[in-house]
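A.B. asks: sequence unknown, structure follows:
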């Protein structure tokens, strides 16, 4: 009986996390469109519901009722599994995100490694979808995406080492608590900028949306998908974007910590601070999509391997040297 109660309690906690994440994905799609409209001096979604708030819901209903077409020459099993893998990996990563000191689904000691591992697996869903379609444009998009995501994961991994040197722990809650006196965005500002740009590349967002470049590859790895299977790719993509914003907030912006501990800021609940920081980073994502033109593929690879990676490695050496010289290494 006790085991059954624990089981249902865990199910409740999982749903309590996943349902808001899925609702948030729907809302940030609306926000994304409104930001683009603002930059381009047009209205954006404004018909379905007040201020167009229900536009994403209408789009979701459209995808649910549209026919799912599976190409005759495709590998049907892998074709169906690809969007499921993409969406599942995007959602399970949220298990270790701490919204406050007590509100975290799985407070594991290697939370940052878990996040890095799950985000690295995300490329498999895209490769599966592109290859299983048995079509040249999806396959080219999948190959581009694999190279792009692997390239920028290396930079993100090195950037995370800078943060871990300052904290001495792989636990995400410890990383947040280590920023009580000083957010890491100040001493590690160059790493924050590189992390943000790498996150754009990791999530295939403009100006690095080469895997789904409309002018060259129709819709890239998603070309042969329709209906709810296409929507699952779309959900996974936006859940990954939110996850990267959450990682940026936790690693550099103090997570749930408020910027000022004085009245009236300290009356705002801790999870709200994290949500506000995630929204701030997402708005920057949306602004860049509306403003910055797409990179060429050779420029993308050059930026990742010849600029970001060497600079990140040099910064790791500088960070470690500074901490050792001033005897600031955690545990000393």
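C.D. replies: Ah, there it is. These numbers were taken from a predicted model, which means no experiment stands behind them. Residues are numbered from 1 along each chain as shown.
A.B. asks: residues touching residue 93, list them.
C.D. replies: Contact partners of residue 93, counting by CB atoms under 8 Å, 6 or more residues apart in numbering, are 114, 115, 118, 119, 243. Heads up, the C-betas are built off the backbone N, CA and C, glycines and all.
A.B. asks: nope, residue 225 is what I meant
C.D. replies: 83, 129, 133, 233.
A.B. asks: Could you give me the buried positions within the host helix or strand of residue 324?
C.D. replies: Per DSSP states H and E: residue 324 is located in helix 309-325. For helix 309-325, the neighbour count (16 or more other CB atoms under 10 Å) marks 309, 311, 312, 315, 316, 319, 323 as buried.
A.B. asks: does the first one really touch residue 156, like I thought?
C.D. replies: It stands for residue 309. No. Using CB atoms under 8 Å as the test, residue 309 is too far from residue 156 to be in contact (10.4 Å).
A.B. asks: now the helix or strand harbouring residue 56: mean pLDDT?
C.D. replies: Residue 56 belongs to helix 55-65 when assigned by DSSP H and E. Averaged across helix 55-65, the pLDDT comes to 86.
A.B. asks: Return the list of helices and strands in contact with that helix.
C.D. replies: helix 2-39, helix 227-252 (3 or more CB pairs under 8 Å, 6 or more residues apart in numbering; DSSP states H and E).
A.B. asks: quick one: buried residues of it?
C.D. replies: 55, 56, 59, 60, 63.
A.B. asks: possible to save those residues as TSV with distance to residue 146?
C.D. replies: As requested, the buried residues of helix 55-65 are exported to TSV (distance: CB to CB, whole Å):
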residue	distance to residue 146
55	32
56	29
59	28
60	28
63	26
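A.B. asks: just curious, which of these is nearest to residue 4?
C.D. replies: Residue 4 has its nearest neighbour among the buried residues of helix 55-65 in residue 60, at 33.8 Å by CB to CB.
A.B. asks: who's in contact with the closest one?
C.D. replies: By CB under 8 Å, 6+ apart, the neighbours of residue 60 are 26, 231.
A.B. asks: try residue 153
C.D. replies: With CB under 8 Å, 6+ apart, residue 153 has these contacts: 116, 119, 120, 202.
A.B. asks: any weak-confidence spans in this protein?
C.D. replies: Within the chain, the set of residues satisfying pLDDT under 70 comprises 1-2, 7-8, 211-219, 261-266, 331-332.
A.B. asks: Next, give me the two most distant ones among the buried residues of helix 309-325.
C.D. replies: The widest separation within the buried residues of helix 309-325 (CB to CB) is 21.6 Å, between 309 and 323.
A.B. asks: which one is residue 27 nearest to, not counting chain neighbours?
C.D. replies: Excluding its sequence neighbours, the residue lying closest to residue 27 (CB to CB, 6 or more residues apart in numbering) is residue 56, at 7.2 Å.
A.B. asks: Who are the contact partners of the one you found?
C.D. replies: 26, 27, 29, 30, 45.
A.B. asks: Out of those residues, which is nearest to residue 15?
C.D. replies: residue 26 (16.4 Å).
A.B. asks: I'd guessed that closest one sits against residue 55; true?
C.D. replies: No. Counting by CB under 8 Å, residue 26 does not reach residue 55; the two are 9.4 Å apart.
A.B. asks: Can you classify residue 107 as helix, strand or coil?
C.D. replies: Classification of residue 107 by DSSP: H, G, I helix; E, B strand; the rest coil places it in coil.
A.B. asks: Check whether it really touches residue 173, as I assumed.
C.D. replies: Yes. Between residue 107 and residue 173 there is a contact under CB under 8 Å: 6.0 Å.
A.B. asks: More neighbours: which of those two?
C.D. replies: Taking neighbours as other CB atoms under 10 Å, residue 107 and residue 173 compare with residue 173 leading, 21 against 16.
A.B. asks: before we move on, which element is the more buried one in?
C.D. replies: Residue 173 belongs to helix 172-177, assigned by DSSP H and E.
A.B. asks: again with residue 225
C.D. replies: Residue 225 belongs to no helix or strand, assigned by DSSP H and E.
A.B. asks: For the residue nearest to residue 77 when sequence neighbours are not counted, grab the count of nearby residues.
C.D. replies: Using CB to CB, 6+ apart and skipping the chain neighbours, the partner closest in space to residue 77 is residue 132 (8.0 Å). Residue 132 has 24 neighbours, counted by other CB under 10 Å.
A.B. asks: related to what we said a few turns ago, residues shared between the contacts of residue 107 and residue 173?
C.D. replies: residue 98.
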